[in-house]
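Q: could you work out the structure for the sequence below:
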Amino acid sequence: MTISPLAGKPAEASLLINVPRLITAYYTGRPNPSIPAERVAFGTSGHRGSALDNSFNEAHILAITQAICVYREQQGIDGPLYIGMDTHALSEPALASALEVLAANGVDVMIDADLGYTPTPVISHAILTYNRGRKRGLADGIVITPSHNPPRFGGFKYDPPHGGPADSHVTQWIEQQANALIADRLRGVARLPFEGARIASTTHRYHYLDNYVRDLPSVIDIEAIRASKIAIGVDPLGGASVAYWDAIAEHYGLNLKVVNRTVDPTFRFMTVDWDGQIRMDPSSVYAMASIVDLKERFDVAFASDTDADRHGIVSHSHGLIEPNHYLSVAISYLFANRPQWSQSVAVGKTVVSSSMIDRVVKKLGRRLVEVPVGFKWFVEGLIDGSLGFGGEESSGATFLRRDGTVWTTDKDGIVPNLLAAEITARTGKDPGEQYQQLTAELGRPYYTRIDAPATPEQKARLEKLSPEAIVTSALAGEPIQHKVTRAPGDGAPIGGLKVVTANGWFAARPSGTEDIYKIYAESFKDQQHLDAIVNEAQKIVKDALDSVESAYRAPETR
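A: Reported below is the predicted structural model:
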């Protein structure tokens with residue numbers, strides 16, 4: 001992975017998007033359904049693209065929204081639809097387009113009371129709050145966000161009544177219907193002019209901020225934070241949580257300061273990420289370069305990404321904490337300080353998250369549920385309360401309320417940040433110090449992720465590899481204990497391969513959007529052992545793909 005010379009530096013003018021040109025492209029671009037890159041394509045977080053590439057245009061949003069309306073009708077979902085947007089330039093036009101279709105279809109829509117920005121977890125919280133105790137008239141939602149991705153992108157996600165990311169069978173159906181509508185020149189799309197949609201009897205104002213903020217004591221010990229008077233710094237990274245932090249500080253009397261309230265769709269205030277792009281990633285040392293200095297001014301500081309579904313923790317003692325490190329700390333603290341949680345409540349992690357979590361869970365005497373990548377795999381366990389915590393290595397997590405009931409079923413970048421303040425307030429040690437205690441007791445892991453080139457054909461083969469394709473019996477000098485293509489927690493395919501030894505592991509998965517595959521690796525020995533795992537992992541994957549390719553070609557040569 002080559003690091004750009006711009007990484008960690010303030011964004012240069014040449015990197016800033018031309019917002020008027022982007023918005024014009026949204027309304028004037030005409031996607032060609034015969035070009036795969038211009039079709040509706042739902043990944044793990046909905047449809048994502050850029051108007052400049054004809055992959056996120058008005059036609060896409062009109063078609064997706066109409067498909068959602070048809071899906072709702074087929075499934076008997078006739079409660080309100082909660083909708084929110086983040087601060088990307090394409091989000092507001094997409095909200096207007098969606099509202100035109102929703103109003104024309106007679107859907108009761110809940111928009112922000114102040115026409116402000118709405119974090120992803122706030123939509124999940126609103127859906128679950130409304131649906132609690134209901135069997136019919138259920139609510140669902142739409143979140144308009146490309147998450148932490150660069151400013152030229154737009155994104156559109158659908159949340160069913162369970163409040164979390166839609167399962168693949170739902171998104172595939174919506175995707176197919178939307179592409180058919182685009183191919184038919186949107187003839188099946190019902191639509192009202194925006195002014196009519198905005199004042200329609202089915203369009204309602206909802207106080208997202210107030211309802212979410214007032215419910216926070218049910219999931220976080222806010223009183224402990226307030227009483228401790230610890231100094232807290234927050235940078236919303238110009239995202240949807242920008243108004244929420246001031247409201248939290250004022251409502252609960254916290255010693256919390258928002259250091260940046262700027263909302264600018266060019267995100268010109270960011271430092272550049274590893275690849276030379278502007279990216280609002282709170283887990284990146286490069287994107288967070290200007291924020292790490294907050295450790296000198298505050299007891300604990302944090303940031304959220306643009307739709308506030310990711311967290312980034314800056315501890316006074318150790319600066320920016322790696323996502324896996326904080327997940328380990330959060331789990332260790334929560335399961336020791338939530339007495340109302342049942343002893344049967346388990347911990348959820350993705351297959352590419354650190355094995356430090358496994359050691360923490362074992363120490364706690366809890367059950368570990370290891371699932372494929374994607375937050376949708378945690379939804380069922382969070383709803384029924386069997387999972388107390390769900391987290392992934394990319395700094396996404398949520399956990400149960402203090403009484404053991406569901407809080408959100410999507411990633412919540414606000415609550416894990418506040419948990420860092422609770423940990424600091426109640427223990428007198430910040431999360432950086434807490435992690436050092438864990439490594440002293442359980443060992444120190446060395447973790448990395450790299451990208452390697454792969455053709456579409458290689459990616460398809462990697463996704464369907466069988467354990468038998470791995471012929472070697474050792475990895476970096478240790479016997480291989482497990483070759484995993486299905487998640488241990490639920491038996492679902494992981495879309496790749498994981499190889500495990502006593503003191504290390506690697507996992508390889510194809511990217512859903514780029515011609516690369518990702519290798520995640522970890523060692524509990526040292527950096528040299530980690531480097532050996534990575535080097536051998538690339539060879540193991542290459543050999544496995546070559547052997548599969550040879551098997552495909554063999555019949556042709558007979």
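Q: with adjacent residues omitted, what lies nearest to Glu12?
A: Leu6 (7.1 Å; CB to CB, 6 or more residues apart in numbering). Any C-beta I mention is one placed from the backbone N, CA and C, and that applies to glycine too.
Q: quick one: residues contacting the one you found.
A: For Leu6, the contacting residues are 12, 15, 272, 276, by CB atoms under 8 Å, 6 or more residues apart in numbering.
Q: sec struct for it, please.
A: coil (DSSP: H, G, I helix; E, B strand; the rest coil).
Q: pLDDT at it, what is it?
A: pLDDT recorded at Leu6 is 96.
Q: thinking again about what came up before, who wins on neighbours among the contacts of Leu6?
A: When neighbours are taken as other CB atoms under 10 Å, the top entry among these is Val272 (23 neighbours).
Q: give me the pLDDT for the residue most central in space within the chain.
A: When CA atoms, centre = their mean is applied to the chain, the residue found nearest the centroid is Gly396 (5.2 Å). On pLDDT, Gly396 comes in at 96.
Q: please report phi then psi for it.
A: phi -110, psi 130 (degrees, to the nearest 10).
Q: what about the spatially closest residue to it that is not a sequence neighbour, how many neighbours?
A: Computed as CB to CB, 6+ apart, the closest residue to Gly396 that is not its neighbour in sequence is Lys411, at 3.6 Å. Counted with other CB under 10 Å, the neighbours of Lys411 add up to 31.
Q: and Lys411, what does it touch?
A: Contacts of Lys411 (CB under 8 Å, 6+ apart): 120-121, 309-310, 375, 392, 396-398.
Q: again, 7 Å this time
A: With contact set as CB atoms under 7 Å, 6 or more residues apart in numbering, Lys411 has these partners: 120-121, 309-310, 375, 396-398.
Q: is it located within a helix, as I assumed?
A: No: under the criterion used here (three-state DSSP), Lys411 is coil, not part of a helix.
Q: mind listing the helices for the stretch 401-550 of the chain?
A: For the stretch 401-550 of the chain, the helices defined by DSSP state H, counting those that start in this stretch cover 415-427, 431-442, 456-463, 527-557.
Q: looking at those helices, which is buried most?
A: helix 415-427 (a mean of 25; mean count of other CB atoms under 10 Å).
Q: mean confidence (pLDDT) on that helix, please.
A: On average, helix 415-427 scores 98.
Q: by contact count, what packs against it?
A: Judged by 3 or more CB pairs under 7 Å, 6 or more residues apart in numbering; DSSP states H and E, helix 415-427 is in contact with helix 222-228, strand 300-304, strand 311-315, helix 323-334, helix 431-442.
Q: in the stretch 151-300 of the chain, which spans are helices?
A: Under DSSP H, counting those that start in this stretch, the stretch 151-300 of the chain gives helices at 168-183, 194-198, 208-214, 222-228, 242-252.
Q: alpha carbons of the second one, as CSV, please.
A: It refers to helix 194-198. The C-alpha trace of helix 194-198 is given here as CSV (Å, rounded to 0.1, in the frame of the first residue of the first chain):
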residue,chain,number,x,y,z
PHE,A,194,-40.8,19.1,-4.7
GLU,A,195,-42.8,22.0,-3.4
GLY,A,196,-45.9,19.9,-3.3
ALA,A,197,-44.1,17.0,-1.7
ARG,A,198,-42.6,19.2,1.0
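Q: may I see the buried residues of that helix?
A: If you call a residue buried by 16 or more other CB atoms under 10 Å, then helix 194-198 has these buried ones: Ala197.
Q: and it, average pLDDT?
A: Per-residue scores along helix 194-198 average to 97.
Q: then stretch 315-333?
A: On average, stretch 315-333 scores 97.
Q: what does stretch 262-272 give?
A: The predicted model assigns stretch 262-272 a mean pLDDT of 98.
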